[in-house]
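> What follows is a predicted structure for the sequence shown.
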Amino acid sequence: MMGIITNTKSEDILGELTQHRSMSAVPFGCRYRLIDFPLSNMVNSGIKNIAVVMTNKSRALLDHLNSGKEWSLDRKSEGLFLLPSASPRLFQKKNKFDLKDLWENFDYLQRARQKYVVLSGNNVIFNGNYQKGLQYHKEKGADVTLYYKEEGAHNLSPGSFNYFEVKENGRVTSIHSCPSKTENNQVSLETIILERSLLMEIVKLAADTGNWDLGDVLLDNINELKVFGYPFKGYAGKINSLVSYFRHSMELLQPQVQQELFFANGPIYTKIKDGPPVKYTETAETANILAGSGCYIEGKVENSLLFRGVAVGRGSLIRKSIIMQNSIIEENVVLENVILDKDVFVRKGTVLKGEEGKPVVIGKRTVI
Amino acid sequence: MMGIITNTKSEDILGELTQHRSMSAVPFGCRYRLIDFPLSNMVNSGIKNIAVVMTNKSRALLDHLNSGKEWSLDRKSEGLFLLPSASPRLFQKKNKFDLKDLWENFDYLQRARQKYVVLSGNNVIFNGNYQKGLQYHKEKGADVTLYYKEEGAHNLSPGSFNYFEVKENGRVTSIHSCPSKTENNQVSLETIILERSLLMEIVKLAADTGNWDLGDVLLDNINELKVFGYPFKGYAGKINSLVSYFRHSMELLQPQVQQELFFANGPIYTKIKDGPPVKYTETAETANILAGSGCYIEGKVENSLLFRGVAVGRGSLIRKSIIMQNSIIEENVVLENVILDKDVFVRKGTVLKGEEGKPVVIGKRTVI
Amino acid sequence: MARKEWIAMLLAGGQGSRLGMLTRNIAKPAVPFAGKYRIIDFSLSNCTYSAIDTVGVLTQYKPLLLHSYIGIGSAWDLNLEGGGLYILPPYVGEKGGIWYKGTANAVYQNIDFIEYFDPRFVLIISGDHIYKMDYSLMLEYHKDKNAEATIAVIEVPWEEASRFGIMICGENGAVLDFAEKPKKPRSNLASMGVYIFNWDILKEYLFLDEEDPLSENDFGKNVIPRLLKDKRKVYAYPFKGYWKDVGTIESYYTANMDLLKPLPEMDLFDDTIKIYSKPSVLPPHYIGSGGGVKNSLVPDGCVILGQVERSVLFPGVYVGEGSYVKDSILLPNVKIERESIIWRSIIGENTTIGSRVKVGLKSDKYFNQEALTVLGDGIIVPDGVEIEQGASIKSWQREEAKIS
Amino acid sequence: MARKEWIAMLLAGGQGSRLGMLTRNIAKPAVPFAGKYRIIDFSLSNCTYSAIDTVGVLTQYKPLLLHSYIGIGSAWDLNLEGGGLYILPPYVGEKGGIWYKGTANAVYQNIDFIEYFDPRFVLIISGDHIYKMDYSLMLEYHKDKNAEATIAVIEVPWEEASRFGIMICGENGAVLDFAEKPKKPRSNLASMGVYIFNWDILKEYLFLDEEDPLSENDFGKNVIPRLLKDKRKVYAYPFKGYWKDVGTIESYYTANMDLLKPLPEMDLFDDTIKIYSKPSVLPPHYIGSGGGVKNSLVPDGCVILGQVERSVLFPGVYVGEGSYVKDSILLPNVKIERESIIWRSIIGENTTIGSRVKVGLKSDKYFNQEALTVLGDGIIVPDGVEIEQGASIKSWQREEAKIS
């Protein structure tokens, strides 16, 4: 099996967070970036030939992936391939799986030796072994297998590939943008298993017809192709709005979610930073927090996520917030329902509160 | 000192050879790509912070550079940075040093810690230690130091940064596109040393004025800035046409050139291919050839360059030609003044001759 | 190959037997320190900072973990073309094999290795010390003084001087005399075990030392005194800053606790000399709603549901609800179940402590109320037991504690 | 950690003393072979192809070059998270150090290492053999047969069988008897020194072997016979293909020359099992206008201005104008000046041969016209001398040759 991580074009959905970076590079879970999840799943599934589609805002992503060493992909034979995008500057809200990117890199597909491909979006977080999906794919005699999870009707941003209708025998009968029920919706996990030869056929078809959206192609051929849904049982999240980003971040504060997301099928690899352990001083107070390495905590932090290298000054209070890498919070600051992007500096005494569940986002390198 | 390898936009000058790859990735010297020369020079000069500007045709380059491991740049601290280009699809014939690319990556320049920068084009081949240029730069009290070599009037394709006028004291008084004399022209080696702070000032100026060409900016300020020329003494080549590509390739058949280009200031690093040694069979005949690893030679080869993994069948005759990686030449073929790009397959009995010094180029993966 | 300016030889073969249970399965340089590091990280990171591109690491005692930890030195950016990090265990030659006898003999047996790089200077360091040091400044000093050997020294409190190798120096820094652990120290300048030699001089003295049947083949005990006896140009380089030989359980404990001071002398958050280590792939640490951490170091992979105060935790530590850890060091993957109390203890790697356990609480048996309690690696302590202060437990034996 | 299916233990500690001058400074597995490889490349590349992710390499004899060559196994894609390549030299434990006594003892001393990965099966191979083999097929066979130990065997010519460890097998592949170098072989199935064991069985027999004071602690001589004596389920896995123990100068020469056949049995150009090696950074090789190369292997970095026929050259070899090299092996960086003749010779690394030198030409002194001439490493042979066929020269001594 080979792996391809595609490029979500509708990147503005995370606002500030995707202003200067691609969706793949959005920080998540105190030390990761979104791409770490599909990429680690691939590595943990024994996949050794992995391609990542880039955009023009790829520098953060390139820095992050670098040699692929952290994922044991700095190999002589196969390893990590970075594919240029066909339309790096176009933000097409609709195309979740833009086949044009694969057409641009068709020779890479041609030269691969693997029989099967797992295609993954870059905005789904779960910890799963794709070999299980492949086994299901084979057992069902499927042409295409789509990962989904059952959940209630959360608000997902529009997209052609959001929800499935899955019959009892596992057959997918419809793919659509909005939930049809209030409960037990089959939410797409943007993860597709199929044979490489079929994928190439589909890409050629797209090039001939100009219909570049994989979701549309599948829906058009939902009767001709044996499309099956694979129900993923563990914790899974789909980040396609700031609200869902915040919600899934906060869910990480549940030990059960930590267990399912960080350990279930193998570790999640990420880029190394050589920070020291977190230092909590005599004045630190903490309850229900997740923190990456290198933080220096002198204040009070509750129900929050601290990325690597964050400093919280004495007398400050951080609640229900996400503080990204190397942000510095001076003394007597109050933050509540706030997301600070990387390298934000918050001056003494600042008070900033967002609405419950709808956090204020402060852009990278801002001083407030 | 930090290093930046810029991106020559006028890439169509090598025709077929730059159809599917950026200039940086053009194969040269049986096992290298053009970028290996400036990149290895930087490494051999002790530079540990190196950035390479990409284009949309970067896949070959990305595959080649990969982790930077071959250049000992797979480091935790600094190492190799891939910078997205500001205008990946625009082929501007004129801009040799497009400052827009640096503006796009201005924060990278800002965050660097090094005092000096060496900027290099991606189409100059020589083996030099930039510390020597830096020493010259300091001795002269220069603001900007430009590498050049003295040579006759070869035909260089138009470019704003081709020739200098250098006074006896080393001061550069003019920069222009065409040679002014028949002999002893000061040909630009597309290599510039200056302080990072000055480079940042120049980039900001370019952003303000819209004049993005570094050559123009320098020429406009040739009296205000202390611009000096550093005469490089060893073998050097500037590849900016198919003719110059072919000529410099053929010059590699001189042992003196091999010595100066492959050994003088350190080894030239390149991507590893694990091919076996070249096998010459009982029927092989060879005179004046340079060959990369993994070739299988049963025929007659003269005055030619064979890249890695080339096969030459029995009874075939290859003269004054460049055969790139993994091309296969069957029996009784005659090739003369020919460049075969990668993976070309030449059927039995084919005869193909180009004009003296103006080789026929056969594109990648062609079957003839 | 061009001649190298200098290379480093890092002595990492010692057992560190006074570290007791901490070195039962690993060499001293591999002992975890400061929440996420191993002791050898400090010397290796100093090399990186000092831009030494060639480091030979001499190993001998239980080196498996050390070898796989160090690898080719990528964690310290020492995987370099034309140089790099080399692990040098003892080996068998045509005449059989000889284990490293002393520090000088270990280097003697690797003369061929050094000759290959043909350096002008050789830096000798050990993997046993906690300090941040720019060796390149010492090399400059060595060259300025036109010395043949330079020894880094640090001022120690006079009352402790008799525990060290003490240098008596002239005004210009020349070493006049040397006394190993003198009863009546004439100076408080202690040798840090960091030496720079001109390679030709070192080689000469390694051969001389090897020929001496009475020598213990040790740098401090034999080579340096011989250089002084021969009136060689030996200088002392005065180092300012934090330096600690964590040679005993007590000094190991103190060095860890030193990091918790409001302004620690060894500041891990100061990036001037950054300490690198081989990374783990653990997730961020979690502190539960009922958890609280004060004045402590907590690395990745910990889950803290109880209270932790003035302690150093290592990756993967779990502290269950209602448990209380104070003044302690919990090594990697220690698990403390519910409602247990740990005080002034060092708990070894992978040890699990059940619920309602008390470790290190005072007892009448010990007069020294400062005594540390030490539990070894991989012990499982059942629910409800008490382990008295000062106990040192290798494996779980019922008689060593009473069920409360 | 999840239990591993299998791991490999690669025995690379042997001196290979019958290779004489080739192993004066390096262990046998590090000896250059086939123009750009070292012998150990073959076993390591087989591991890569067989998708074994954990390999322990047991070293002992002059391992410096081997250690720095292997590193962490990146050249063979064996630098893997959760597995990888580990170098395992002898070490000192709490009770002192013991050098590896025999192949079985070497593995015995690393039982802790194997236990850490807790594999179901252990593959034992050596770094001394030239062959391409998919060990995973052998593992399948081992599992199909429900064997406790499986030994790879290859058919050898009957007349050579008495040089090998010979297996006598039943129809189903079960090994009935084993004879080490039998005078009258009852079979031509030779052991290749490639074993798969169930780990629990192997561990049991390593302990038994260790307790036996008469044992030489060798797999072939002791462990396998004991398994057979105890009627354990031992099977022979028949391997087809090229396999060569390059244990002597003659077999080393032959194995290199085998590669020059029009259809060599060991096809380096066949990528099915690709042989990886640590790369050099040398430029392409150059053949001058007056140069000619026939029926030879030429790697990067060579400069050939003379004639070369039926020879294997190694990186950095220089053959000057008018010189003629035939039926020879020139190891890395050998330099032959002008108008010299080299015949049926092996020339050691970094050796320089002057102009108008004759090496290996016939002489009446030797009756065996097939005798090889061998020159060691780093020799400088002056202009104009003749070195007779069959000579074996360690260092240049005037009396060993006559000036013509």
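Good, I have the coordinates.
> Can you check what pLDDT the model gives residue C:364?
In this prediction, residue C:364 carries a pLDDT score of 61.
> which residue is nearest the centroid of the chain?
Assuming you mean chain A. residue A:123 (3.0 Å; CA atoms, centre = their mean).
> Oops, wrong one, chain C.
Short answer for chain C (CA atoms, centre = their mean): residue C:128, at 2.9 Å.
> quick one, longest strand in the chain?
The chain I'm using is chain A. Longest strand in chain A by number of residues (criterion: DSSP state E): strand A:185-195.
> not quite, I wanted chain C
For chain C, assigning by DSSP E, the longest strand comes out as strand C:189-198.
> From the contact counts, what lies against that one?
Judged by 3 or more CB pairs under 8 Å, 6 or more residues apart in numbering or on different chains; DSSP states H and E, the packing partners of strand C:189-198 are strand C:121-126, strand C:129-131, helix C:135-144, strand C:149-155, strand C:165-169, strand C:234-238. Heads up, the C-betas are built off the backbone N, CA and C, glycines and all.
> quick one: the shortest one near chain A?
In this case it means strand C:129-131. No - using CB under 8 Å from any CB of the partner chain, strand C:129-131 never reaches chain A; the gap is at least 13.4 Å.
> partners of that strand in the sheet?
Strand pairing for strand C:129-131, determined by DSSP bridges: strand C:243-245 (antiparallel).
> after the strand it pairs with, next one along is what?
helix C:249-258 (DSSP states H and E).
> List the buried residues of that next one.
For helix C:249-258, burial by neighbour count (16 or more other CB atoms under 10 Å in any protein chain shown) applies to C:249, C:251, C:252, C:253, C:255, C:256, C:257.
> Let me see the ranges of the helices in chain C.
C:40-49, C:64-70, C:103-108, C:111-117, C:135-144, C:199-211, C:224-229, C:249-258 (DSSP state H).
> For those, give me a markdown table that also has distance to chain A.
Listed next are the helices of chain C as a markdown table, based on distance: least, CB to the nearest CB, whole Å:
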| stretch | distance to chain A |
| --- | --- |
| helix C:40-49 | 9 |
| helix C:64-70 | 15 |
| helix C:103-108 | 29 |
| helix C:111-117 | 27 |
| helix C:135-144 | 20 |
| helix C:199-211 | 32 |
| helix C:224-229 | 35 |
| helix C:249-258 | 11 |
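> on that earlier part again, could you export the longest strand of chain A as CSV, CA atoms only?
C-alpha atoms of strand A:185-195 as CSV (Å, rounded to 0.1, in the frame of the first residue of the first chain):
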residue,chain,number,x,y,z
ASN,A,185,-24.7,10.7,10.6
GLN,A,186,-21.9,9.0,8.7
VAL,A,187,-19.3,11.7,8.7
SER,A,188,-16.5,11.3,6.1
LEU,A,189,-13.0,10.9,7.5
GLU,A,190,-11.5,11.9,4.2
THR,A,191,-9.7,8.6,3.9
ILE,A,192,-10.1,6.5,0.8
ILE,A,193,-8.7,3.1,-0.1
LEU,A,194,-8.6,1.8,-3.6
GLU,A,195,-6.4,0.1,-6.1
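> Report the distance from that strand to the chain centre.
Relative to the chain's own centre, strand A:185-195 is displaced by 14 Å; criterion: CA atoms, centre = their mean, to the nearest Å.
> ok, that strand: who's next to it in the sheet?
Strand A:185-195 has these strand partners (DSSP bridges): strand A:116-120 (antiparallel), strand A:144-151 (antiparallel), strand A:163-166 (antiparallel).
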